[in-house]
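1. just the structure for this:
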Amino acid sequence: MAYVLAIYNNAPLTLPDGPTYIAQACGRERDDRIWEGWLEFVPDDGTTVLRSQRETTQPNRGALEYWASGLTPIYLKGALERTLTPPLTVVDPPVVPAVYDEPAPAPVPVAGFPEAEPVLDPFSVYAKGEDLLRRQLAALSRRHLVAIVVGYELADRTQMDLESLTAPELIELIAGGVRWRLSA
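-> Modelled structure (predicted):
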């Protein structure tokens with residue numbers, strides 16, 4: 001059996017060129033002992049009462065009543081709009097074969113050129129603090145870290161194999177290189 005849990009007389013919902021609705025929260029206990037709640041919208045002109053889809057599920061009636069006690073006029077208006085605008089029906093597209101059997105291959109790095117452009121300027125970030133620089137560098141991939149080292153000439157590639165360094169080592173190299181350059 002379904003119950004009306006709350007009636008929102010103080011929040012009438014008026015639509016352009018339509019009736020004014022009074023919302024009421026309703027609920028019921030399902031067979032699995034979970035309570036579900038929905039909203040009904042009662043029009044002032046006697047036309048059909050509208051009903052939303054399920055708005056919530058709660059473990060018991062008390063929790064459902066608590067949910068109903070917290071609904072705002074904005075929530076009620078959105079629920080009425082959702083009720084009046086049913087979801088779009090998704091149609092499965094026809095099966096069409098793809099042009100390719102696999103994604104494009106990764107670009108092959110050219111000797112002497114960085115694999116990527118630097119995505120940040122370590123000097124400008126360092127000006128705001130070395131900790132900030134280290135945090136931002138930690139969010140980058142190894143490839144981007146190498147691009148920063150190469151792009152800002154923070155290490156001599158002829159004397160160091162950047163590809164063999166770990167991300168923490170690259171971060172230390174960048175932070176130390178920026179610090180050293182700025183102090184010189």
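2. drop to CA atoms for contacts and neighbour counts, all remaining ones
-> Fine.
3. would you confirm that V125 contacts L132?
-> Yes - here V125 lies in contact with L132, judged by C-alpha atoms under 8 Å, at a distance of 6.9 Å.
4. next, show the common contact partners of those two.
-> Counting by C-alpha atoms under 8 Å, 6 or more residues apart in numbering, V125 and L132 have no common neighbour.
5. who has more neighbours, these two?
-> Neighbours per residue, other C-alpha atoms under 10 Å: of V125 and L132, the larger number sits with V125, 16 against 13.
6. from A167, how far off is the spatially most central residue of the chain?
-> Centre of the chain computed as the mean C-alpha position; nearest residue by C-alpha atoms, centre = their mean is A139, 18.3 Å away. Taking C-alpha to C-alpha, to the nearest Å as the measure, A139 falls 10 Å from A167.
7. what's in contact with stretch 39-47?
-> Counting by C-alpha under 8 Å, 6+ apart, the neighbours of stretch 39-47 from elsewhere in the structure are 19-26, 48-55, 79-80.
8. for PyMOL, write a command that selects the buried ones of those.
-> Of the contacts of stretch 39-47, the buried ones go into a single PyMOL selection, burial set by 16 or more other C-alpha atoms under 10 Å:
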select buried, resi 20+21+22+23+24+25+26+51+52+79+80
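9. taking the contacts of stretch 39-47 one by one, which sit in helices?
-> With helices defined by DSSP state H, the entries of the contacts of stretch 39-47 inside them are 79-80.
10. restricted to strands, list the contacts of stretch 39-47.
-> When DSSP state E defines the strands, the subset of these inside them is 20-26, 50-51.
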